[in-house]
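Enquirer: only geometry, no sequence info:
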């Protein structure tokens, strides 16, 4: 709407300029006709000249009013445009703050759930399975594997699964081996977008190939003690990726693997 008003104002100004040129030419012509001859000056010539002066004054007055009106319209349009930009910026900032607040609440809820799990469940395998299911439900993943570091074998073993029908085919890996092994070395979350040749996922959210795979290290004492591999149908944006990176250290401070 604002762009349409600006476009109309530009058309009006161009039309006004054309009319002004025509009127100016007519005034010059009238001036030549009304200019009194000093040698043969008559009362009629003086009257014509006075009429021209009146027309010229009216013309200048109308021009001044039109220009002033156009300036006020442009000024108002500019102010409205600036106000719209401010409102849009504030709306975007409020949306981002709200989204960050929701993610913060998700993380805190996830921490509390798993503090309870690790404080009340004695079986290690049951802890790992419950931990992975809490992650799946908290962040709407559709498939997941939890690898845990084994100090004796110096490798990462799959200890919990979600929506993995062939979990017996999932093998251990060494630090630095493949994507999850590199994540363990780097101690940073890695997001794989549009993965190729990834197995079809069956879950309550649907069936198909996932759009995103997240590899999230769980860090304690500067060591990757666990790796979460999770598949998602929904987009993992920069805010969610930052939340996963924060969780890498945060969950390691709240529970002990």
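Expert: Structure received. Model, not experiment: these values are computed from the prediction.

Enquirer: Name the SS class of residue 231, please.
Expert: strand (DSSP: H, G, I helix; E, B strand; the rest coil).

Enquirer: Also residue 224?
Expert: Secondary structure, three-state DSSP: residue 224 is strand.

Enquirer: What of residue 137?
Expert: The three-state label for residue 137, taken from three-state DSSP, comes out as helix.

Enquirer: excluding its backbone neighbours, what's nearest residue 134?
Expert: Distance criterion Cβ to Cβ, 6 or more residues apart in numbering; nearest residue to residue 134, sequence neighbours excluded, is residue 113 at 4.7 Å. Yep, even glycine has a C-beta here, placed from its N, CA and C like the rest.

Enquirer: What does the pLDDT read for that neighbour?
Expert: Predicted confidence (pLDDT) for residue 113: 92.

Enquirer: My guess is it contacts residue 138. True?
Expert: Yes - contact status for residue 113 versus residue 138: in contact at 7.5 Å, counting by Cβ atoms under 8 Å.

Enquirer: pLDDT score assigned to the residue lying closest to residue 222 once chain neighbours are set aside?
Expert: In this structure, residue 222 finds its nearest non-sequential neighbour in residue 187, 7.6 Å apart by Cβ to Cβ, 6+ apart. You'll see residue 187 listed with a pLDDT of 95.

Enquirer: who's in contact with residue 187?
Expert: Shown in contact with residue 187 (Cβ atoms under 8 Å, 6 or more residues apart in numbering): 217, 219, 222, 224, 248.

Enquirer: burial count for residue 181?
Expert: Residues near residue 181, counting by other Cβ atoms under 10 Å, number 19.

Enquirer: so where does it fall, helix or strand?
Expert: Assigned by DSSP states H and E, residue 181 belongs to helix 178-186.

Enquirer: by contact count, what packs against that helix?
Expert: Packing contacts for helix 178-186, counted by 3 or more Cβ pairs under 8 Å, 6 or more residues apart in numbering; DSSP states H and E, involve strand 155-162, strand 173-174, strand 190-193, strand 212-220, strand 223-232.

Enquirer: at 7 Å what do you get?
Expert: strand 173-174, strand 190-193, strand 212-220, strand 223-232 (3 or more Cβ pairs under 7 Å, 6 or more residues apart in numbering; DSSP states H and E).

Enquirer: Which residues outside it are in contact with it?
Expert: Contacts to helix 178-186, defined as Cβ atoms under 7 Å, 6 or more residues apart in numbering, come from residues 147, 156, 173-176, 190, 192, 215, 217, 224, 227, 229.

Enquirer: hang on, the earlier thing: where does the residue nearest to residue 222 fall, phi/psi-wise?
Expert: phi 60, psi 40 (degrees, to the nearest 10).

Enquirer: thinking again about what came up before, can you mark which positions in the helix holding residue 181 are buried?
Expert: By neighbour count with 16 or more other Cβ atoms under 10 Å, helix 178-186 contains the buried residues 180-181, 183-184.

Enquirer: Now do residue 229 against residue 162, distance only.
Expert: Noted for residue 229: a distance of 10 Å to residue 162, by Cβ to Cβ, to the nearest Å.

Enquirer: which SS class is the closest residue to residue 156 other than its chain neighbours?
Expert: Once flanking residues are discounted, residue 156 sits nearest to residue 147: 4.0 Å by Cβ to Cβ, 6+ apart. The three-state label given to residue 147 by three-state DSSP is strand.

Enquirer: Neighbours of residue 147, how many?
Expert: Residue 147 - counted by other Cβ under 10 Å - has 28 other residues nearby.
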